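# Show me the folded form of this:
(one chain, ligands or ions: 1)
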Amino acid sequence: MDFDLSDEHKMLRDMVFDFASGEIGPLAEKIDREDKFPDNIFKRLGDLGILGVTIPEKYGGAGSDLLSAVMVLEQLAYTCPALALSYGAHSNLCANNISKNGTEEQKKKYLPPLCSGEKVGALALTEPQAGSDATNIQTTAKRMGDEYILNGTKTFITNGPIADIVVLYAKTDKSRGAKGISAFIIEKEFPGFSSSKAIEKMGHRGSPTGELILEDCRVPKEDLLGEENKGIAVMMSG
Ligand SMILES: Cc1cc2nc3c(=O)[nH]c(=O)nc-3n(C[C@H](O)[C@H](O)[C@H](O)COP(=O)(O)OP(=O)(O)OC[C@H]3O[C@@H](n4cnc5c(N)ncnc54)[C@H](O)[C@@H]3O)c2cc1C
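Below is the predicted model of the structure:
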């Protein structure tokens, strides 16, 4: 069996290394000190074609494999771990999750702007009282006609303060515990959705981490990701 990297993998690795060391490296200390990425960093990553490595080309991605995605993450982390963290939340936890679990309509709507960097993605699972014990989330989603009404608070969400599109978990049936969790795609413009300012951290500075607040947040039923009460399957696939 041949374990060598293909020429395509080597080219991708070298391209991301050159970008990270040439453009991000000189700014890494400033990013850490000011706790802020350069403006339009996601657009720049999108122009490089690395925001949707595993996503099919018809949705704006590169249609490549998991090894390529890991190599991009590795090369970014070598120069700037904070950028790698935000990149992973956007590309893997949000975009790749929608690519794997979304309907055709969801993929057509959400993946192109995530792959281009026009929109920033995040994933929201953790809550003040549910970290490692992830299935203990208290955020609720109640079906009312053609919408779900979501209430709750998420915390420590990477890209939370700047995210446009969030894959978010809530309980659609509290009595069923882990089997009552569903996944949703939330747009920051949805009524009842808001985010906090970035939380000050000791590490990974630059990567914005924040709280998301859902107060009677109205989510169209079309933005259920996967099946109702099957959110754990979505969670484990991403
Ligand atoms: C920089 C950063 C970015 C993050 N980004 C995101 C994000 O994008 N989206 C998101 O949803 N969440 C995010 N999180 C939250 C992260 O997933 C949680 O911090 C994690 O799940 C742990 O939860 P907790 O912090 O509440 O710690 P706790 O669950 O309270 O754990 C505290 C300590 O207890 C230990 N512990 C817990 N349970 C047990 C047990 N049963 N037995 C033995 N030891 C145990 C843990 O290992 C840990 O050392 C982020 C966190 C950080 C720090």
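# For this protein, which residues are neighbours of the ligand?
Within the chain, the positions lying close to the ligand (CB under 6 Å from any ligand atom) are 89, 122-126, 131-132, 156-158, 204, 209. Where you see a C-beta, it was placed from the backbone N, CA and C, and this is true even at glycine.
# Tell me which of the residues you listed fall in strands.
Using DSSP state E, the subset of those located in strands is 122, 123, 124, 156, 157, 158, 209.
# Kindly state the beta-bridge partners for the first one.
According to DSSP bridges, the residues that bridge with residue 122 are residue 166.
# how close does it get to residue 99?
16 Å (CB to CB, to the nearest Å).
# all helices of this protein, in order?
Residue ranges of the helices in the chain, as given by DSSP state H, are 7-19, 28-34, 41-47, 66-79, 81-88, 97-101, 104-116, 231-237.
# would JSON lines of these with mean neighbour count be doable?
As requested, those are exported to JSON lines (neighbours: other CB atoms under 10 Å):
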{"stretch": "helix 7-19", "mean neighbour count": "15"}
{"stretch": "helix 28-34", "mean neighbour count": "13"}
{"stretch": "helix 41-47", "mean neighbour count": "19"}
{"stretch": "helix 66-79", "mean neighbour count": "18"}
{"stretch": "helix 81-88", "mean neighbour count": "22"}
{"stretch": "helix 97-101", "mean neighbour count": "21"}
{"stretch": "helix 104-116", "mean neighbour count": "19"}
{"stretch": "helix 231-237", "mean neighbour count": "18"}
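# Out of those, flag the one nearest residue 60.
Among those, helix 104-116 comes nearest to residue 60, with 3.5 Å by CB to CB.
# Residue 64: neighbour count?
21 (other CB atoms under 10 Å).
# If you could redo that for residue 188, that was the one I meant.
Considering only other CB under 10 Å, residue 188 is surrounded by 17 other residues.
# Spatially nearest residue to it (excluding sequence neighbours)?
Leaving aside its chain neighbours, residue 188 sits nearest to residue 164 (5.3 Å; criterion: CB to CB, 6 or more residues apart in numbering).
# ok, that neighbour - contacts?
113, 119, 120, 121, 187, 188 (CB atoms under 8 Å, 6 or more residues apart in numbering).
# The nearest residue to the fifth one once chain neighbours are set aside: what's it in contact with?
Think residue 187. In space, and not counting its chain neighbours, residue 187 is closest to residue 165: 6.0 Å by CB to CB, 6+ apart. For residue 165, the contact set (CB under 8 Å, 6+ apart) comprises 94, 110, 113, 114, 119, 120, 121, 122, 185, 186, 187, 188.
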